[in-house]
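# Turn this into a structure:
(chains A and B)
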Number of protein chains: 2
Amino acid sequence: MNDSSDTAASSSSDSTRDRVVAAAREAFARDGIAGARVDAIAREAHTSKERVYAYFRGKETLYEFVSAQEMNAVAEATQLDATDLPGYAGRVFDYFEQHPERFRITSWGRLEVTPAKHPDPENPTHASTMRKIDRIRRAQAAGQLDPSWDPLDVLAIVNQLATAWMMQVEMHPFISKYARDPSSSARRAAVVAAVERLFPAYSESKRLPADADSLE
Amino acid sequence: MNDSSDTAASSSSDSTRDRVVAAAREAFARDGIAGARVDAIAREAHTSKERVYAYFRGKETLYEFVSAQEMNAVAEATQLDATDLPGYAGRVFDYFEQHPERFRITSWGRLEVTPAKHPDPENPTHASTMRKIDRIRRAQAAGQLDPSWDPLDVLAIVNQLATAWMMQVEMHPFISKYARDPSSSARRAAVVAAVERLFPAYSESKRLPADADSLE
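Residues are numbered from 1 along each chain as shown, chains lettered A, B, ... in the order given. Coordinates of the predicted model:
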């Protein structure tokens, strides 16, 4: 049913909608919301502008859909584990290194979409953020994560560190000439080390060294 | 000479150029590079499109000028001191909180300008970054900053933490409802604490506790 074939001959409405979303994802990543053209998206998806508007009320709605889908994809691929935030940060680093265009989709939205005033549990992106905050809070309550930090600051700081080198493209020209080790794995290691220093991964052995010793 | 009067009657070419730059700064912050219109910038600056092109070859050159000016303004206002990176992060936080539109100017460039392949010392923004890297390197050599970090990672991480809450606008709706303390000063304190944990401010007393004690 969910035919994602690229052939123009494929005519089920599911696959047309899928093609619209795929073309929109590419256009939004490249040009942003104001910059993307619905007629170009329709052409790329082998359909009409009218058909695009029948699926999605307008360009903003189409962006919201693509953006939520991408947020969901990154959350699924990286799985925030509040007892191992350094591991999570490494996965986020890897995800965006493999899909730099997906990072751009979110970045345009930060500039072009007016943020909501209040969290809305019906909004899938908001619901995903709320689940992450809740995981952090529960790890703190369970003694697995330093409870002195506000869970919101933990989430913002970890996300921010994980994406440091994806965000700061203006620093890229300096890497090959000035970095001690210019490899991407050196950048990843620094990000993971920073998260580990702030929010160390929890392990049973850290809380129960006596018990761990007694097993030997 | 550097008359920044807003009156249309002011007719020195210096003040016309200043008005073009001011109008461009506002247009780029709001709409980005592709989104800004040179004719609207000219109208806002009480001059002609042709005059704008006489000062600046094109919209990209005008953006480069505005962007470099803003980079310079933030560097001047915040003064990276590699022996007190938490203090620096606090100043960067304050600067962008007071001038959120300036943060947007840089953010659009990250999406819309292809980064240079190599550092260019003639480029004032590159030169400013190279000075920052050098300050970090010298503080490390002087034993004032942990030398195990690559100076590039230090700079990227500190910048990233300082701007965490400016960047992640999608987290803003959650603050009033979920933060333990929703105040902006609580966000600032978290950012400064994170930088302090990673790169503690240096003081003579830290290096010479015995001498400090002997003074009592």
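# what is the mean pLDDT for the helix of greatest length in chain A?
Counting by DSSP state H, the longest helix found in chain A is helix A:13-35. Across helix A:13-35, the average pLDDT comes to 95.
# try stretch A:171-188
For stretch A:171-188, mean pLDDT is 96.
# Ends of it, what's the gap?
15 Å (Cα to Cα, to the nearest Å).
# Distance of residue A:60 relative to chain B?
Per Cβ to the nearest Cβ, to the nearest Å, residue A:60 is found 15 Å from chain B. To be clear about C-beta, it is placed using only N, CA and C from the backbone, and glycine gets the same treatment.
# got any ranges where chain A has weak pLDDT?
For chain A, the stretches flagged by pLDDT under 70 are A:1-13, A:205-216.
# which non-adjacent residue is nearest the residue most central in space within it?
Geometric centre of chain A, nearest residue: residue A:74, 4.2 Å, by Cα atoms, centre = their mean. Here the nearest residue to residue A:74 in space, its sequence neighbours aside, is residue A:95; by Cβ to Cβ, 6 or more residues apart in numbering or on different chains that works out to 5.8 Å.
# Residues contacting stretch A:159-169, please?
Here stretch A:159-169 makes contact (Cβ atoms under 8 Å, 6 or more residues apart in numbering or on different chains) with A:88-90, A:92-93, A:96-97, A:100, A:103, A:107, A:171-172, A:184, A:187, A:191, A:194-195, B:110, B:115, B:156-157, B:159-161, B:163-164, B:167-168.
# Try it again at 7 Å.
With contact meaning Cβ atoms under 7 Å, 6 or more residues apart in numbering or on different chains, stretch A:159-169 is reached by A:89, A:92-93, A:96, A:100, A:103, A:187, A:191, A:194-195, B:110, B:115, B:156-157, B:159-161, B:164, B:167-168.
# wait, what's in contact with residue A:153?
If a contact means Cβ under 7 Å, 6+ apart, then residue A:153 has B:187, B:190 as its contacts.
# Now do whichever helix or strand it is part of and helix B:151-162, the angle between them.
Assigned by DSSP states H and E, residue A:153 belongs to helix A:151-162. Here helix A:151-162 points in a direction 150 degrees away from that of helix B:151-162 (axes from the mean of the first three to the mean of the last three Cα atoms, to 10 degrees).
# Which is the succeeding secondary structure element to helix A:151-162?
helix A:164-167.
# Can you classify the residue nearest to residue A:74 by secondary structure?
Under DSSP: H, G, I helix; E, B strand; the rest coil, residue A:95 falls in the helix class.
# all helices of chain A, in order?
Under DSSP H, chain A gives helices at A:13-35, A:38-44, A:49-55, A:59-78, A:85-98, A:100-112, A:124-141, A:151-162, A:164-167, A:172-178, A:184-198, A:204-207, A:209-214.
# Most tightly packed of the ones you listed?
By mean neighbour count, with neighbours taken as mean count of other Cβ atoms under 10 Å in any protein chain shown, helix A:151-162 ranks first of those at a mean of 25.
# got the angle for that helix vs helix A:184-198?
160 degrees.
# ok now helix A:151-162, how far from the chain's centre?
For helix A:151-162, the separation from the chain centroid amounts to 13 Å (computed by Cα atoms, centre = their mean, to the nearest Å).
# I'd like the C-alpha coordinates of the helix holding residue A:153 written as CSV, please.
Output of helix A:151-162 as CSV, limited to C-alpha atoms (Å, rounded to 0.1, in the frame of the first residue of the first chain):
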residue,chain,number,x,y,z
PRO,A,151,15.6,18.7,33.0
LEU,A,152,15.0,21.3,30.3
ASP,A,153,18.5,22.6,30.6
VAL,A,154,19.8,19.0,30.3
LEU,A,155,17.9,18.4,27.1
ALA,A,156,18.8,21.8,25.6
ILE,A,157,22.5,21.4,26.5
VAL,A,158,22.8,17.8,25.2
ASN,A,159,21.1,18.6,21.9
GLN,A,160,23.2,21.6,21.5
LEU,A,161,26.5,19.8,22.2
ALA,A,162,25.6,16.9,19.9
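# Kindly calculate the angle that that helix makes with helix A:59-78.
Here helix A:151-162 runs at an angle of 90 degrees relative to helix A:59-78 (the same axes, to 10 degrees).
# Okay, angle between helix A:151-162 and helix A:85-98 too, please.
50 degrees.
# and helix A:151-162 with helix A:124-141, angle?
Using the same axes, to 10 degrees: helix A:151-162 against helix A:124-141 is 110 degrees.
# Nearest approach to residue B:34 belongs to which of the helices of chain A?
helix A:13-35 (5.2 Å; Cβ to Cβ).
# dump the residue contacts of residue A:157.
Residue A:157 neighbours (Cβ under 7 Å, 6+ apart): A:198, B:161, B:164, B:194.
# so who does residue A:127 touch?
residue A:121 are the contacts of residue A:127 under Cβ under 7 Å, 6+ apart.
# Hmm, I typed the wrong one, I wanted residue A:156.
So residue A:156 contacts B:164, B:165, B:168, B:171 (Cβ under 7 Å, 6+ apart).
# Using JSON lines, please lay out those together with distance to residue B:25.
Below are the contacts of residue A:156 laid out as JSON lines (distance: Cβ to Cβ, whole Å):
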{"residue": "B:164", "distance to residue B:25": "24"}
{"residue": "B:165", "distance to residue B:25": "23"}
{"residue": "B:168", "distance to residue B:25": "24"}
{"residue": "B:171", "distance to residue B:25": "27"}
